[in-house]
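*Asks:* Please find the sequence and the predicted model below.
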Amino acid sequence: MTSSMMPVTQAEVEARWEGRGVPELDSPTDECGFDMREYVGLEDVLEVNALLQAYVEWWQALGAFIQVCAVCLQW
């Protein structure tokens, strides 16, 4: 199963944080001038990455995710 919400190794998190191998992070800010690193630290990203591990088994049980939003529905 491939998911963008799967945990990765600490080395991968650190490499992405430093911009190695991720062109979008090569410069301190993106096109909009937003730099996530101004708001969170590497330790925050590592914590979230570790917390994702608890969900891996759940994802394997799901075949699809469907979100229903009452605001989006037309009556």
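*Replies:* It's in. Numbers count the residues shown, from 1 in each chain.
*Asks:* Where does Leu51 sit: helix, strand or coil?
*Replies:* helix (DSSP: H, G, I helix; E, B strand; the rest coil).
*Asks:* Ile66 versus that one, what's the distance?
*Replies:* 24 Å (CB to CB, to the nearest Å). (Glycine included, C-beta is placed from N, CA and C.)
*Asks:* same check, this time on Gly41
*Replies:* Distance from Gly41 to Ile66, by CB to CB: 35 Å.
*Asks:* rewinding a little: looking at Leu51 and Ile66, which is more packed in?
*Replies:* Leu51 (10 against 4; other CB atoms under 10 Å).
*Asks:* where does that one land on pLDDT?
*Replies:* For Leu51, the pLDDT comes out at 92.
*Asks:* Kindly report the same for Gln10.
*Replies:* pLDDT, Gln10: 93.
*Asks:* what helix or strand is the closest residue to it other than its chain neighbours on?
*Replies:* Nearest-residue entry for Gln10: Leu46, 6.4 Å, with adjacent residues in sequence omitted and distances by CB to CB, 6 or more residues apart in numbering. Assigned by DSSP states H and E, Leu46 belongs to helix 42-52.
*Asks:* Flag every buried residue along that helix.
*Replies:* With burial defined by 16 or more other CB atoms under 10 Å, the residues of helix 42-52 counted as buried are Val45, Asn49.
*Asks:* Contacts for it next, please.
*Replies:* Met5, Met6, Pro7, Val8, Gln10, Val13, Glu14, Trp17 (CB atoms under 8 Å, 6 or more residues apart in numbering).
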